[in-house]
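Peer 1: predicted model and sequence follow; I will ask about them next.
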Protein chains: 2
Amino acid sequence: MQALHIIKIGGNVIDNSENLHRFLKDFTALDGYKILVHGGGKVATQISESMGIEAKLVDGRRITDIDTLRIVTMVYGGLINKNVVAQLQRYGTNAIGLTGADGDFIRAKKRPVKTIDYGFAGDLFEGSINPDNISKLLDSGFTPVFCALTHDGDGQLLNTNADTIASALAVALSKSYETTLVYCFEKKGVLQDIDDEDSLIREINPERYEKLKTDEIIHSGMLPKMDNAFTAISFGVKAVIIGHSDDLGQLKNKAGFGTRLSK
Amino acid sequence: MQALHIIKIGGNVIDNSENLHRFLKDFTALDGYKILVHGGGKVATQISESMGIEAKLVDGRRITDIDTLRIVTMVYGGLINKNVVAQLQRYGTNAIGLTGADGDFIRAKKRPVKTIDYGFAGDLFEGSINPDNISKLLDSGFTPVFCALTHDGDGQLLNTNADTIASALAVALSKSYETTLVYCFEKKGVLQDIDDEDSLIREINPERYEKLKTDEIIHSGMLPKMDNAFTAISFGVKAVIIGHSDDLGQLKNKAGFGTRLSK
């Protein structure tokens, strides 16, 4: 099977022009099929504020009301996505910038209202991803660049978590490609000691993961990320790698990049 | 050769939800390969104003300064484009929303500064369009939806006239497809009497065009549009049709839609 890298970046790359350019060059240098998934960044907040639209929070959770959906459609789907594409073209990656509505690639369901109405937040479901349509782009030599927007198939765009999109893409495409899912964030990977960037753990398999949890090396915020990663692996993803966006160049050189989770 | 329709819509469709939905249903009902090209609309101006950014005009000409480029990237490339795509998906067209940067489909050159600095305005040139890359999408069953943005290949997005994009796409793709270019606007077509919508001229060939010019039936604003249309035809486009967006359904039924310009 053809190798495929699905790489997710967040605000720490998007918001810093120098980091972004370094990352996009390293991304371009990666051989084989690849997909980029990007989250938002501070620019969405800045533009909301300049338009006098306040972030809506209920119990500390962000709500995608209609104004917020318009902002994220403009900023994620337009401003960030198309500038990333233009830069990737500059560096030699034949990128195509997409939401889940494009090509019917990713459908979601509007989150049901229980105690909180999250507005136009979309949750993925079994069959959300259309791997055949995505393969057509990959096999034509294009590199898809997805932002954190999906659609419901009935004309409604929805705001969906970028980590979740990356993971769902990896699972759905692992039937056709040898898929590695890479999460770039602001740490070198999973650290033995959170205050010591030199304490990187290079490899974690499910047994070691259980031990790291028991020893309380991995806890709180990292647990859901790690659980999701091992779920993706159990569904066929070859490996999930968590590392710093600045170090992506080392992934190509196999010199060791971040923490590699695998079976 | 496979038939291809390239259809351009402007603000009169984009700005009116009812018109837009009717148009997108009619567009979906059209058989064969197709490409949609859309301009802006009032929403770009509204969003600029809500952000406190004023339109820059020099000698009555709109200037794309950096703030305006950000707005059009958000509004054309994000808000309008992705909502059109989501609606097309709803009606059954497998649309993909694009700028010229995506897939390296359309390159432009930043307009040189002579007496006026137009800012980030991009002019097309011989070889601007990459027909091979666009064919990959069409042959994969996707329907490209282009907004009025291009790139220079060096990381810069540029604002380019949507009529010009539609015409350049038609010429470049006429080597591979039997291409019809359709301009939708707010009149039924070229009228013998501009105040009488019933005076539609159904067909114009170059000889008749010369006569209509001599008789001053066609003048002022229509001349550059018509000249461009006949230039596109001389470069291989099968026909250029000018008609009202509300009537697009009649194009499918061959019942006669707008004014048909051909050799």
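Peer 2: Okay, I see it. Residues are numbered from 1 along each chain as shown, chains lettered A, B, ... in the order given.
Peer 1: can you pull out the low-pLDDT segments for the stretch 51-200 of chain A?
Peer 2: The model of the stretch 51-200 of chain A has no residue with pLDDT under 70.
Peer 1: residue of it nearest chain B, please.
Peer 2: Residue of the stretch 51-200 of chain A nearest chain B, by C-beta to the nearest C-beta: A:Gly78 (2.3 Å). Glycine gets a C-beta too; all of them are placed from N, C-alpha and C.
Peer 1: hmm, that residue is touching B:Ile80, no?
Peer 2: No - using C-beta atoms under 8 Å, A:Gly78 is not in contact with B:Ile80; the gap is 9.0 Å.
Peer 1: tell me where the stretch 1-150 of chain A has strands.
Peer 2: Using DSSP state E, counting those that start in this stretch, the strands of the stretch 1-150 of chain A run over A:3-9, A:33-38, A:56-58, A:61-63, A:95-98, A:109-110, A:122-123, A:143-146, A:149-151.
Peer 1: now render those as TSV, adding distance to A:Phe23.
Peer 2: Output for the strands of the stretch 1-150 of chain A, formatted as TSV (distance: least, C-beta to C-beta, whole Å):
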stretch	distance to A:Phe23
strand A:3-9	6
strand A:33-38	9
strand A:56-58	30
strand A:61-63	25
strand A:95-98	13
strand A:109-110	32
strand A:122-123	26
strand A:143-146	12
strand A:149-151	21
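Peer 1: just to revisit the earlier point, now do the residue of the stretch 51-200 of chain A closest to chain B against A:Ala86, distance only.
Peer 2: From A:Gly78 across to A:Ala86, the span is 12 Å (C-beta to C-beta, to the nearest Å).
Peer 1: those two - which one has more neighbours?
Peer 2: More neighbours surround A:Gly78 than the other of A:Gly78 and A:Ala86, with 30 against 26 (other C-beta atoms under 10 Å in any protein chain shown).
Peer 1: which residues touch the more buried one?
Peer 2: The contact partners of A:Gly78, by C-beta atoms under 8 Å, 6 or more residues apart in numbering or on different chains, come to B:73-79, B:81-82.
Peer 1: out of those residues, which comes closest to chain A?
Peer 2: For those, the closest approach to chain A (C-beta to the nearest C-beta) belongs to B:Gly78, at 2.3 Å.
Peer 1: and for the closest residue to A:Leu191 other than its chain neighbours, the neighbour number?
Peer 2: Spatial nearest neighbour of A:Leu191, excluding adjacent residues (C-beta to C-beta, 6 or more residues apart in numbering or on different chains): A:Ser199 at 4.9 Å. By other C-beta under 10 Å, the residues close to A:Ser199 number 14.
Peer 1: does any part of stretch A:141-150 sit near chain B?
Peer 2: Yes - for stretch A:141-150, a contact with chain B is found by C-beta under 8 Å from any C-beta of the partner chain, at A:141-142, A:149.
Peer 1: need those residues in a markdown table with neighbour count, can you?
Peer 2: Listed next are the residues of stretch A:141-150 next to chain B as a markdown table, based on neighbours: other C-beta atoms under 10 Å in any protein chain shown:
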| residue | neighbour count |
| --- | --- |
| A:Gly141 | 11 |
| A:Phe142 | 24 |
| A:Leu149 | 29 |
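Peer 1: quick one: stretch A:154-172 near chain B?
Peer 2: Yes - Stretch A:154-172 reaches chain B (C-beta under 8 Å from any C-beta) through A:154-157.
Peer 1: can you flag the buried ones in those residues?
Peer 2: A:155-157 (16 or more other C-beta atoms under 10 Å in any protein chain shown).
Peer 1: re earlier: give me the subset of the residues of stretch A:154-172 next to chain B lying in helices.
Peer 2: Counting by DSSP state H, no part of these is found in helices.
Peer 1: what about the residues you listed, which are in strands?
Peer 2: Residues of these located in strands (DSSP state E): A:Leu157.
Peer 1: could I get the full set of helices for chain A?
Peer 2: Under DSSP H, chain A gives helices at A:11-14, A:17-29, A:42-50, A:66-74, A:81-91, A:131-139, A:162-173, A:206-214, A:222-234, A:249-252.
Peer 1: tell me the residues of the stretch 1-150 of chain A that contact chain B?
Peer 2: So far as C-beta under 8 Å from any C-beta goes, the stretch 1-150 of chain A lies against chain B at A:47, A:50-52, A:70, A:73-79, A:81-83, A:85-87, A:89-90, A:94-99, A:101-104, A:133, A:136-137, A:140-142, A:149.
Peer 1: before we move on, back to that, what is the most widely separated pair among the contacts of A:Gly78?
Peer 2: For the contacts of A:Gly78, the farthest-apart pair by C-beta to C-beta is B:Thr73 and B:Lys82; their separation is 12.4 Å.
Peer 1: those two - which one has more neighbours?
Peer 2: Neighbour comparison, B:Thr73 and B:Lys82: the larger count goes to B:Lys82, with 29 against 26 (by other C-beta under 10 Å).
Peer 1: the more buried one - nearest residue in space that isn't next to it in sequence?
Peer 2: Distances taken as C-beta to C-beta, 6+ apart put A:Gly77 closest to B:Lys82, at 4.7 Å, once the chain neighbours are dropped.
Peer 1: so what's that neighbour up against?
Peer 2: So A:Gly77 contacts A:97, A:99, A:147, A:149, A:157, B:77-79, B:81-82 (C-beta under 8 Å, 6+ apart).
Peer 1: closest to A:Asn12 among these?
Peer 2: Taking C-beta to C-beta as the measure, A:Asn12 lies nearest A:Cys147 of these, at 16.4 Å.
Peer 1: the nearest residue in space to the closest one that is not next to it in sequence and A:Ser128, how far apart?
Peer 2: In this structure, A:Cys147 finds its nearest non-sequential neighbour in A:Tyr76, 4.0 Å apart by C-beta to C-beta, 6+ apart. Taking C-beta to C-beta as the measure, A:Tyr76 falls 18 Å from A:Ser128.
Peer 1: kind regards, and thank you for your time.
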